[in-house]
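Undergrad: Okay, structure incoming, though there's no sequence with it:
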């Protein structure tokens, strides 16, 4: 693969960065609020759903 990235690859990279940011936020919140601090997962679920959708588009045959 060359250094050129396709649009789905760029979007997956951004979503991976968002997931890493959410993981860091969760880690910081748990350090400050305690290990039992519960965090709603709606945002994480939405990011994961979008990443999965983009990955499927990237793998599907192009017409």
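TA: Received the coordinates, thanks. All values reported here derive from a predicted model rather than from experimental measurement.
Undergrad: From the chain's centroid, how far away is stretch 51-63?
TA: Chain-centre distance of stretch 51-63: 16 Å, with Cα atoms, centre = their mean, to the nearest Å.
Undergrad: who touches it?
TA: 6, 8-9, 11-12, 15-16, 19 (Cβ atoms under 8 Å, 6 or more residues apart in numbering). From N, CA and C alone the C-beta is placed, and that goes for glycine too.
Undergrad: Give the ChimeraX command for selecting the buried subset of those.
TA: The ChimeraX selection below is limited to those of those classed as buried (16 or more other Cβ atoms under 10 Å):
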select :8,11,12,15
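Undergrad: Please convert the contacts of stretch 51-63 to CSV, extending it with distance to residue 45.
TA: Formatted as CSV, the contacts of stretch 51-63 follow (distance: Cβ to Cβ, whole Å):
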residue, distance to residue 45
6, 25
8, 20
9, 22
11, 17
12, 17
15, 12
16, 16
19, 11
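Undergrad: of all the contacts of stretch 51-63, which comes closest to residue 25?
TA: When the contacts of stretch 51-63 are compared for distance to residue 25 (Cβ to Cβ), residue 19 wins out at 10.7 Å.
Undergrad: List the contacts of that closest one.
TA: 44, 47-48, 51 are the contacts of residue 19 under Cβ under 8 Å, 6+ apart.
Undergrad: With distance to residue 26, secondary structure and pLDDT added, can I get the residues you listed in a markdown table?
TA: As requested, the contacts of residue 19 are exported to a markdown table (distance: Cβ to Cβ, whole Å; DSSP: H, G, I helix; E, B strand; the rest coil; pLDDT from 0 to 100):
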| residue | distance to residue 26 | secondary structure | pLDDT |
| --- | --- | --- | --- |
| 44 | 9 | helix | 75 |
| 47 | 13 | helix | 77 |
| 48 | 14 | helix | 80 |
| 51 | 17 | helix | 81 |
